[in-house]
Each structure stands twice: as structure tokens, then as C-alpha cells.
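>>> Build the 3D model from these lines:
(chains A and B)
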Amino acid sequence: MVAIDDYTSNYENQWCPGCGNFGILPAMKMAFVAQNLAPHELLIVSGIGQAGKTPHFLQCNFMHTLHGRALAVASGAKLANHDLNVVVNSGDGDCYGEGGNHFIHAIRRNLDITLLVHNNQIYGLTKGQASPTTDKNMLTSIQSHGVSTRPFRPLAVALSLGAGFVARGFAGQKEQLAGLIQAAMNYKGFSLIDILQPCVTFNHLNTFAWYKQRAVDITTLDHDVHDPQSAMQLAMEWEERIPTGILYQQEEDDFTALNPWLQQGPMLQREYNVNSINAYIDELYQV
Amino acid sequence: MAVDITVKIGGEAGQGLQTVGDLLCHVCRRAGYFFLAINDYESRVRGGHNFFQVRISDKPVLAPAQQVDLLVDLDGVTYKQHATELKEDAIVLCRPEQNPAQHRTLHLDFTALAKEAGNKAAQNTVAAAACLALLGAGEELCQKVVEQLFGTAEEKLGAINQKALQAGFTSATQSDLKGWDLTWVEQQPAGAFLDGASTLALGAVAAGCRVGAFYPMSPATGIMTQLVQLAEHFPLVVEQAEDELAAINMVTGASFAGCRALTATSGGGFSLMAEGIGLAAMTETPLVLINAQRPGPATGLPTRTGQGDLLFTLHAAQDEFPRFVLAPATVADCFDTMQRAFYLADTYQVPVIVLVDQYLVSTSILVQEKLEVSPIAAPSPPPDPPAKPEGYARFAFTESGVSPRLLPCQSQALVKATGNEHTPDGHSSENRENRRAMVEKRLAKLPAMKQEQRPPLFHHEQADWLLVSWGSSYGIVREAVDKLRAQGLDVGLVHLVDIWPLPQEPLQSLLRERKWLLVEQNATGQLGWMLRAELGVEPQGSIFQYDGRPLEVTRIVNETTAKIGG
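Now for the predicted structure:
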């Protein structure tokens, strides 16, 4: 049996004390252990930012990539070997800003990847500039008169693109988040969990208390998880309350199920066959 | 008498010039002739002026010709635009309302004849048929090719095109024009009908490429289109990415997971990919990328050709790391180069950029030599995981700089990689000594990489004067050399194919001893820049062409003659 300790990394953790990431990391480990998934059976692909560092702080196969590009790298890995369990760690700037186009099209492509967005509504690693999800009017070193740009609503965007698994977690609710990660990984297709994550250093507006006051468990609401209209309403809620849990889930054929070659198994397992190539070439020289 | 005839067919985009071309080339092939065909087109879907030009010979053809024997004007402007290219005894096929006074003319109402055959779209077949009739081809052979391309006479498309063929043939044979008296006997073809795009794709498949990702961009799109067609026959997943950033990172991800993967792009798409080249380099993930050059910064000339990316390709992505840049010389060479590209990318765990251009990608040619799958083409399995999986370090220091590359989730050993500078076990590190050691580890691959490089292609390299060129211009410069020698000038050719890393010898000695002229398709002599920097050699002059059109043999001959005297 896989144990939590199997995921312990000796690599020095570089997050700030009190960082919301310290709620996300154990939830990930809990979800992996609950699935009896050993570190060597897991591939984490991450982007750049504090969230991108996540795979260094546990045990797994990983590729810590470029700013915004994690989903593209993960998609390629999945095309090559769709048996891989692929989780992507990204942040609000990484995924919704620099990698926004990849976010949109990864949802449309629907490869079986679980995307965890550590959404702290601020740029941490570059020291406190507004991110795509920063609330309006927040003052930052760059947005010195307050953020004037409307915030990006990731869950509403995902729903509008027909995403089949859309959820929101909160770093302050580890058990719930672990359950969401497990459900997302079990979902056959692209799954998104946007995770509310306090940034103790740079975001003094959306604090732990601010989130805690607003977070409400969807299972306590009258909501049909298969109802996209109702999910869209929940996705747009923010100021008064913020629903956490699975907003929407719908089974659908994923990319692999629709590709004639992938239906037969992962590309990685295909034998190299020189005879078939030679036969093809021979024909080119015939009438 | 040697056969050397050039047919040029001009028309609007959408008039089916490619169909006329294919028909001519297929008939030539089945009659044992060689050919080389180029497509000249504008960046538009309909209208404009485009042409297809094929040079037919009884010997292998190296280059397009500048003089035209048979001109077909489908759009009413072809004759005006190309009249100066016509030989004195050339024949012009044009519509009845046109009057190309100075040349022998066959008036044909292509549209009316095509309509009579059943569809005005078949005007291209009418035109091709008239050309073939003037060239002396037998109607029966042409009928077979029409059937091959359009289906049997029982099918609608086949029937229309057979009628169009007959109409074109009759018009030409009933005229009193004397065409060419070539021999057209059906025989075993002298080779395969290939173009650069299809041969690059085939080379990738021969190397066991399993994943392709791309974003459409002229002139690279044809390569991925060919790859998609090959995916009907070979296990291969080709995905159209949302942009070039995604495309290159997808193939890097696929390669990291263990499959050989390909992306191809051009111009601004290659600029976007620069970032991704760096990720592959830093994570030592094998990467194969085709850059099909087109001229100009920004959008430039999307459908035209050039060699303006050499220095950019050598340096694309920030900082320093080893890479291969390979520039195949011919369509057939594309096949070998792609197999080597995958082998080298895997062996040295570095990016390999195959540098081609619009001319090479879209040139159709009869390839006489048999394409041979190389013994190095087959992918090697990953090494055995270590007995103690916890000791595995993806970036372990080795003498060669190459570390054993395991695949993620294929053993107990964890594969950890990052685009940050990292320790041997793949964790980010800002340690000073480690940084120095890692830079040196990656660069330690260079000496062995140099050993892999093919020497330049030589042709009369003992001559007094050498023309020095690279990549797709091989056939063109070689023909120019032959022409110059026929004029009594002692000129030879040194043609670079494996551009980077650049081994010093035999190039340095040769270029120090001889007088040489640089021949490039850019305005500043980028190969010259590289040779000067690497070998300390200086040309006596240069011939640059940067008009977006393929290099011209006559231009090289004239300029060389002017420069070296004759």
C-alpha cells in the first residue's frame, strides 16, 4: 500500500511560511494515496511560479516547464502515452495569463489530464503584480491606481467551452480538496480544479479569512452537478459567497477514445516496423 | 538529341495548376522521363497570378530552367508577365482573344472546351492535354494517367476529364503547329515522384516518429499535411495545436514521455518556437523541428523562398547550448536527413533543427535513387533502470555530457526534469558550482556532435575558384558550375549540408587555399558570417539573391563570369 510518507521530498521547500500552497500539497498527497498511486506511477507537469515548483516538494516523475506552457507539454506526454497519470500544477498568472490560449484549447481538446490551478489572485514570484484573477481596484506596485481590468472567471470560461469536469477547491479545506483531486483524476477527460489559495505576502485583500467567510460547500446547496446552467450561475458567484466543490460533471468521450490509433493503445507501445516502411517506399517506385 | 524542355502554366489560384502539373509529371514518369517542377504562388486562395513550371529531360534534372519552351496562359496575364522568358521557337497556348504576336501560338478556348466535356473546372486538363499533344505524347498513355488521377471513365470525374483530355489533344493535333518529337513509350519509371514536403514526412516516419504537432504556416504546412496522410498507413498521431508555442511544447512533452515527435513551422512560427527550443535544450529532451524558411521578418512573403534564417536558427532561444542544424541539399536528401535528425536528437539529447525552405518543400522531382531506410533510423529502447531506483539522476554528470535517459512512469526510478538550472537529480538549483558544471556538461557533447557531421558536398573542388553554398540550392549551384566549366572557367562547388556544429576540416584548408564566392539566398551572407567566425576565412566575392524566388542558374553563371573574368 502506498503511504503519505512515500511522497515526502527532501528537497527544501521554498514557499513562504503560511502560504496557501501548504494546504494544497498535502491534499494532493492524500488524493494520490487514496488512489493507491505510487510516486513512480505519477507524472506531474508544472508551469512557472510558486505553483510550478510544487512537484519538487513531493516525490513523482515531473517536468517543471516554462511559464504558461505546462498544459502543452502535458498534452504531448499524454499523446505519446495516454496510460500516464498526468496532473498539472499551474497558477493564475501561469494558466490564465501567459498560458491562456493553452488553457482554452486544452479544454477543447479534452485529453485525460487533471489541471490544478493554485489561484491566489496575484503574481507571487514576480512580487505582487495583478494577475488575471485579481479583483478590481486592488492596489499593487504596478497597478498603483488600482486594478482597472475585469477579472478572468476561469470556471465560467471552462464551462462555456464544454469542460466535462469543473470544480473549485479551497486550500483551507484540505479534505474536501483531496476528494476533488481524486474525483478529477478518476474523471476520464480534462478536469479543472481552480483552487482558492491565500497569498500571505502579496494579497492582503483575499486573505484566508476572506475566503473562509465566503467559501460554501456546493453539496450543501440545491445544485444538480449535471446542470450546466446552474453550474454557470455558481461559477459567476464571487462577492457574497464562493461555492466550492464540483460545479459540473458530464461523461464524454475523451481525445483518446476518438482517435483510431490511440484506441488501440498508447503510441509509446507501438513496435517499429521497418518492413512496412520499405513496402510503402517500394510502391512509390512502381507505376 | 538531349531532351530539355520547360513548360510553364500560368493561372489564377483556384484554376487547378497543381492538377495540370501532376498530370504532366505523371505522364513523363510513365514514359521514363525525368522532371523537376516548381510551384510559384501568391498568398491568396483565389485569383492572382500563379504558375507551375516543369522541366522535362531524359537525364536527372538538377534545377529549374529560366527559358521556357511551352507557355500556357490560363489567366490572360501569363504571357505578358513571362514573354521575356520564352525561347525564340517557343509555343504559346492562350485564349482566342489573346494575341502574342511574336511567338507561335495555339489558340484554345479552355473554358468552352471544358464546359463541353462536362465541367469548366476541367480546363486544366484541356491545357495539360494540349501540352502533352504538342510534346508528342501518345493519347493512350495520357488516358491511363487521367484514370489514375481522376478515376475510371465510368465515374463522373473520370469521364469528364477523359473528354477534356480528348478535346485538348484534338485541338493541338489538328493545328499545323510543329511541336516536339519526343519518344513516349510507356516503360518502367526511372524513379519515384516526390516533393520535399512528402519526403521530409516520410523520413520522419522511417525514423519511427509517432507524434506530430503543428500550427498551419506556409510553407511548412505541406509537411504536416503529408504526415497526416502517412498516419493513414503508420501509427502516428498528428495534432493541430492552438499556436506554435503549443506545438513545440507538445512535441517536447511527447518526446519526454518516450515517443519520437515532429513539429514543422516557418517564419514567425519559428520565432514563437524559440522559447520551446530552450526548454528542450535545458531538459535535454530530444527535439526535431523543421524550419521551412520563407523571406522577410514579420509576415514577409509567406509563399516564397529564401535562406534568411541561418544565423537565427543557430542561436534561436536565449543563452548557449548545443544543437544540430541540418540543411538537406535535395528532395532525396530530405529522407536521409530526417532519419539522422531523430537519431542525433536521441543520441545527444539535444534539439535538431532541419533547415529547409519553400523551394525545397514544394519542389516535385523524379527521385532516381532508391530511398533506403537507414540502420540508424530505428529508435533505441531506453537504458535499463538502475538496480537502486532511488539513486537515478536524470542529469548525472558523464564524460560525454549525455546522461542515461529513462522515461517517466516506465520503472521505479523517478524522472525529474526542469527548465530551471538544476542539479543532476533534476531539482532546481542556483548553486554557482553546479551551474558551471551543468553548462559544461551540456557543452561537453559538442566534440562528439562534430564527429557526426557530414562533410560538405564537393563537385570539382580542386578548381581555381569555388562557389560555396548551402541547403536547398545544391542542384541549382551545381548546374551553374557545370555551365561555367563548359564555358572554360575552372569553377567547382563546395556545398554545406550539415551546418552546425561545423567541423573545421576539410573546409578550413580548402577555403584558405582557394578563391571562393559565396552563393546565398539572403542579403548579408549569413553562411559567410559563420565561416568567417568559425574558420577565419573570407570570400573573394558573393552572389546574393533575396527576391523571394528560387536561385537562378543563369544569374549565378553571369555573375560568376563577371566576377572571376572569362
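
>>> from memory B:Gly138 sits against B:Thr173, does it?
No - when contacts are counted by C-beta atoms under 8 Å, B:Gly138 is not listed as touching B:Thr173 (11.2 Å). Every residue, glycine included, has its C-beta placed from N, CA and C.

>>> Out of the two, name the residue with the larger neighbour count.
Using other C-beta atoms under 10 Å in any protein chain shown as the criterion, B:Gly138 and B:Thr173 rank with B:Gly138 on top: 17 against 13.

>>> Can you tell me the SS state at B:Asn39?
strand (DSSP: H, G, I helix; E, B strand; the rest coil).

>>> What separation is there between it and B:Gln53?
From B:Asn39 across to B:Gln53, the span is 8 Å (C-beta to C-beta, to the nearest Å).

>>> thought A:Tyr7 was touching A:Ala38?
No - between A:Tyr7 and A:Ala38 there is no contact under C-beta under 8 Å: 9.3 Å.

>>> Looking at the two, which has the bigger crowd around it?
A:Tyr7 (22 against 18).

>>> and B:Thr111, how many residues sit next to it?
Neighbours of B:Thr111 (other C-beta under 10 Å): 15.

>>> Over to B:Val238?
Using other C-beta under 10 Å, B:Val238 is surrounded by 22 other residues.

>>> What strand or helix carries it?
strand B:237-240 (DSSP states H and E).

>>> for that strand, which positions count as buried?
The neighbour-count check on strand B:237-240 (16 or more other C-beta atoms under 10 Å in any protein chain shown) flags B:Val237, B:Val238, B:Glu239 as buried.

>>> next one: stretch B:207-223
Residues of stretch B:207-223 classed as buried: B:207-215, B:217-223 (neighbour count, 16+ other C-beta under 10 Å).

>>> Which ones among the residues you listed lie within helices?
Among the buried residues of stretch B:207-223, the members found in helices (DSSP state H) are B:Thr221, B:Gly222, B:Ile223.

>>> and which of those residues is nearest B:Ala261?
Set against B:Ala261, the nearest of these by C-beta to C-beta is B:Ile223 (13.7 Å).

>>> Identify the residues contacting the closest residue to B:Arg104 other than its chain neighbours.
Excluding its sequence neighbours, the residue lying closest to B:Arg104 (C-beta to C-beta, 6 or more residues apart in numbering or on different chains) is B:Ile91, at 4.8 Å. Contact analysis of B:Ile91 by C-beta atoms under 8 Å, 6 or more residues apart in numbering or on different chains lists B:Asp69, B:Leu70, B:Leu71, B:His103, B:Arg104, B:Thr105, B:Leu106, B:Leu134, B:Leu177, B:Gly179.

>>> isn't there a strand covering B:Ile91?
Yes - looking at B:Ile91 with three-state DSSP, it is inside a strand.

>>> Check what pLDDT it gets.
For B:Ile91, the pLDDT comes out at 96.

>>> Okay, it and B:Ser57: tell me how far apart.
Counting by C-beta to C-beta, the separation of B:Ile91 from B:Ser57 is 18 Å.

>>> In the helix or strand harbouring A:Gly23, which residues are buried?
Assigned by DSSP H and E, A:Gly23 falls within helix A:21-34. Using 16+ other C-beta under 10 Å as the test for burial, helix A:21-34 gives A:21-33.

>>> got the CA positions of it in CSV?
Extracted C-alpha coordinates of helix A:21-34, given in CSV (Å, rounded to 0.1, in the frame of the first residue of the first chain):
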residue,chain,number,x,y,z
ASN,A,21,0.2,26.0,-1.1
PHE,A,22,0.8,24.3,2.2
GLY,A,23,-2.9,23.3,2.1
ILE,A,24,-2.7,22.1,-1.5
LEU,A,25,0.4,19.9,-1.2
PRO,A,26,-1.0,17.6,1.5
ALA,A,27,-4.4,17.4,-0.3
MET,A,28,-2.6,16.2,-3.4
LYS,A,29,-0.7,13.6,-1.4
MET,A,30,-3.9,12.4,0.2
ALA,A,31,-5.6,12.1,-3.1
PHE,A,32,-2.7,10.1,-4.6
VAL,A,33,-2.6,7.8,-1.6
ALA,A,34,-6.3,7.3,-1.6
